[in-house]
Each structure stands twice: as C-alpha cells, then as structure tokens.
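Visitor: what would the 3D arrangement of this be:
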Amino acid sequence: MKRAIAIRHVHFEDLGAFAAPLEASGYKIQYCDLGVCDLHTLDPVQPDLLVVLGGPVSVYEEDRYPFLVDELTLLRSRIEAARPTIGICLGAQLIARALGARVYPGPAKEIGWSPLRLTEAGKAGPLRHFANTPVLHWHGDTFDLPEGAQLLASTPLYQHQAFLFGQNVIGFQFHPEADGRAFERWLVGHAVEIASVPGLSVSALRADTSRYSAAAAMCGQRCLLDWLQGLAV
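Guide: Prediction:
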C-alpha cells in the first residue's frame, strides 16, 4: 500500500473530500499534526504523497512559528526530488515560497464561495472539473507565481489560485478538499477572523456551504484522481 502523509496545522482543516479517493487509489493516510508530530522525523522523499494542508498563519511568520522553517526545508528537499506533493491554501503558499516565490498579504481577505477563472492550461488539465463550480476560498495572503510554474486558475481578487510545477507538484490557494460535512468546525475555529471582516456573515457562509459544497467536493475528488493518474513516478 502506498503512503500519504498529510501535514495538518489545525484539526478541522483535514483532507475532507480528498480522503476517500486517496484511499480508493491505494494510499494509506497518516496525519502529521503540528505541535504533536516532529517534522524532523519525516523523510522528505520516502512518502509516496505529501499533502500540506491549510492553517491560519502566514508563511512569513517564521519568528512566531518556527515550524514553518522546517516545513520549507522539507518541501525544498521533496520538490528537488520531484516527489508527488500537494499544497492547499497555506500549503500552496509554502510550496511557492520553497520554490523561491514571494508570499505576502493579499489585497483583502477572500472568504466564501465563488467560481474560478480557469486558464487555458487549467481547462486542459485536472482543474477542468471546477469549471463554473463555486469553490471555498479562505485566505488573506497571496504569492507570486514561482518561476517555471504553470498558472491554472485565478479570481478577480487573487490572480494565483492554482498552479502546477512539473507533473508532480500542485498548489491550490482555494480549498478543493472542502466537503461541507464538518464546516461548523471552520465557523467556530475561525470565529475571530470572521468577526474581523466587515460584512462577512456566519449564517451566509453556512447557507452557501449547504448550497455549493456537495458539487464542489465531487469536482475536487475528480480533480485529485486525474492529477494522481498523471503523476510521473
């Protein structure tokens, strides 16, 4: 059985809709929870798949959160070895930083459900499943497109929403894994952030999640399966 390691920063931002297709594809999933798991014990190359999940910290806050340095070191070694790697939200920003790109505050927080604008490369690849489907956004930072990376999707507020680096590294600024089943934990876990954004409504987020999450989760699963099938291993 193949081994998939998921680095998890907060417990409620887990693999979500990605878990079932990974298991169906023969991966045994193991979580590495920050603050519990020692990143120094992870072999950066050995796992068949590494997924770096989201979290409410910024890549450039290494002085406050030294584990970010360890994650970047791990990712640089893994990317250099061209090992299959997925980054979601904070994970995508870490991959971008590991590839030498700048990560910095975005123009405004983008929180809620809205569709992507796919590039031609996005329309031709695994992200085609998200065409015309609202997805969950929950970020306040953005990044420059890494040199050599291929842009797959944008939104009016955030130009870099998804990218490929080679065949084996993909980053999602949005949340393709969101399935809505445990969304109440997001609302509680991010309560302070939600309250800080003018006009952002808990009830509206809850209603939109009920409306859009099932279709988005199905698209996310199809996207993941397509990407897995295209890996160069």
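Visitor: how about stretch 176-191: buried residues?
Guide: Residues of stretch 176-191 classed as buried: 176-180, 183, 186, 190 (neighbour count, 16 or more other C-beta atoms under 10 Å). Glycine gets a C-beta too; all of them are placed from N, C-alpha and C.
Visitor: could you say what helices and strands the helix ranked longest in the chain packs with?
Guide: When the chain is parsed with DSSP state H, its longest helix is helix 202-229. Contact here means 3 or more C-beta pairs under 8 Å, 6 or more residues apart in numbering; DSSP states H and E; on that basis helix 202-229 packs against helix 19-24, strand 103-114, strand 135-143, helix 183-189.
Visitor: residue 32: which of those is closest?
Guide: In terms of C-beta to C-beta, the element of the helices and strands packed on helix 202-229 nearest to residue 32 is helix 19-24, at 15.0 Å.
Visitor: helices or strands up against that closest one?
Guide: Helices and strands touching helix 19-24, by 3+ C-beta pairs under 8 Å, 6+ apart, are strand 27-33, helix 202-229.
Visitor: tell me which of the ones you listed is the most buried.
Guide: Ranked by mean neighbour count under mean count of other C-beta atoms under 10 Å, these are led by helix 202-229, which reaches a mean of 18.
Visitor: got the phi/psi numbers for the most centrally placed residue in the chain?
Guide: Taking C-alpha atoms, centre = their mean as the criterion, residue 88 is the residue nearest the geometric centre of the chain, at 0.8 Å. Here is the backbone geometry of residue 88 (degrees, to the nearest 10): phi -120, psi 120.
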